[in-house]
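S.K.: Provided below for reference: sequence and predicted model.
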Amino acid sequence: MRVDQLLNKLCLFKTRSMAKKACDLDLVSINGKVSKASAEVRDADEIRYTVYNWQYTVRIVKVPEGNVSKATAGEYYELLKKKQKPD
């Protein structure tokens with residue numbers, strides 16, 4: 001699954017276009033490498049992204065195969081780190 005779609009499906013970004021824009025601005029990386037919006041995500045990948053001056057690191061437990069409800073989105077990833085970036 002594309003990283004921009006995954007970030008949107010797991011409710012980590014509000015919209016897919018916001019996730020795509022973050023990828024275009026080099027604010028998203030997979031396993032330490034800056035990624036494009038079309039980069040494929042697999043199980044156990046580590047994604048680091050920045051949104052609203054906060055940097056998040058999550059590990060994908062399982063890539064979803066269909067639509068994901070907000071209530072179950074947290075089952076597909078684990079939050080490893082969250083820190084505020086200095087201005």
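M.R.: Happy to help now that I have it. Worth saying up front: this structure is predicted, and the values here are computed from it rather than measured. Numbering: from 1, shown residues only.
S.K.: pLDDT on stretch 24-32, on average?
M.R.: What stretch 24-32 shows for mean pLDDT is 96.
S.K.: Check which residues of that stretch are buried.
M.R.: Leu27, Val28, Ser29, Ile30 (16 or more other CB atoms under 10 Å). Placement of C-beta: from N, CA and C, glycine included.
S.K.: I'd like those residues as TSV, with distance to Thr57 and secondary structure appended.
M.R.: Listed next are these as TSV, based on distance: CB to CB, whole Å; DSSP: H, G, I helix; E, B strand; the rest coil:
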residue	distance to Thr57	secondary structure
Leu27	13	coil
Val28	11	strand
Ser29	9	strand
Ile30	11	strand
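S.K.: tell me which of these is nearest to Lys62?
M.R.: Ile30 (15.7 Å; CB to CB).
S.K.: you'd agree the closest one is up against Tyr49?
M.R.: No. Counting by CB atoms under 8 Å, Ile30 does not reach Tyr49; the two are 9.6 Å apart.
S.K.: Please name the residues that touch Asp43.
M.R.: By CB atoms under 8 Å, 6 or more residues apart in numbering, the residues touching Asp43 are Ile60, Val61, Lys62, Val63.
S.K.: Now the buried members of these.
M.R.: Ile60, Val63.
S.K.: Have a look at this structure and report its longest helix.
M.R.: Ranked by residue count, the top helix of the chain under DSSP state H comes out as helix 16-24.
S.K.: Figure out how far it is from the centre of its chain.
M.R.: Taking CA atoms, centre = their mean, to the nearest Å, one finds helix 16-24 lying 10 Å from the centre of the chain it belongs to.
S.K.: So which other helices or strands are in contact with it?
M.R.: Contact here means 3 or more CB pairs under 8 Å, 6 or more residues apart in numbering; DSSP states H and E; on that basis helix 16-24 packs against helix 3-9, strand 46-51.
S.K.: in this structure, which ranges drop under the pLDDT threshold?
M.R.: Judged by pLDDT under 70, the chain has its weakly predicted residues at 87.
S.K.: let's go with 90 and repeat that
M.R.: Low-confidence segments of the chain, defined by pLDDT under 90: 52, 66, 85-87.
S.K.: Alright, I will stop here.
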